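Peer 1: The following comprises the amino acid sequence and a computationally predicted model.
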Amino acid sequence: GKVLGRWQQGAVSGAFGRWSELAGERRQLEAAGRKVMLRWTNASISTAMCRWVEHSCESRRQWKLGEKVVQRWRHGLLWKMVHGWMEVMAELHQVEEFQRSLEEKGDVEERHREHVERLVSRVAGRLRHRELTG
């Protein structure tokens, strides 16, 4: 929150960028120093060690790359499932809306029928009243 906001400010961002560069350079120099020391102490062991380090780094890189590929596959399958679920839910929503509209039409038809029945009974009542008074 606040720390990230301050880092994004110009002065702090520049200092952090420089520190990050220096830290990267330091790591590279330390790695280079280790290689030189190994070569000085024992050239044959140093060569074998360097090859082992390179191989292990390459193996680690390939392993991470493989994990990344598998995650993308899983993500793709997950998206297909979620997309299918969304389609089913949209279709279900449409069915529910259609059922609601049918129920509302049924209510309208029922009210209309009741209204007509009331009108008929009023007219019939008036006709009976006329016969009795007439």
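Peer 2: Sure thing, it's come through.
Peer 1: how far away is Asp107 from Arg113?
Peer 2: 11 Å (Cβ to Cβ, to the nearest Å). Glycine gets a C-beta too; all of them are placed from N, C-alpha and C.
Peer 1: Where does the prediction get shaky in the protein?
Peer 2: Per-residue confidence for the chain (pLDDT under 70) gives these ranges: 1, 3-8, 10-13, 42-46, 134.
Peer 1: the helices in it, which residues?
Peer 2: Along the chain, counting by DSSP state H, helices occupy 2-7, 10-41, 43-133.
Peer 1: count of residues packed around Val53?
Peer 2: By other Cβ atoms under 10 Å, 14 other residues sit near Val53.
Peer 1: Relative to Arg60, how far out is it?
Peer 2: As judged by Cβ to Cβ, Val53 and Arg60 stand 10 Å apart.
Peer 1: now do Trp52
Peer 2: For Trp52 relative to Arg60 (Cβ to Cβ), the value is 12 Å.
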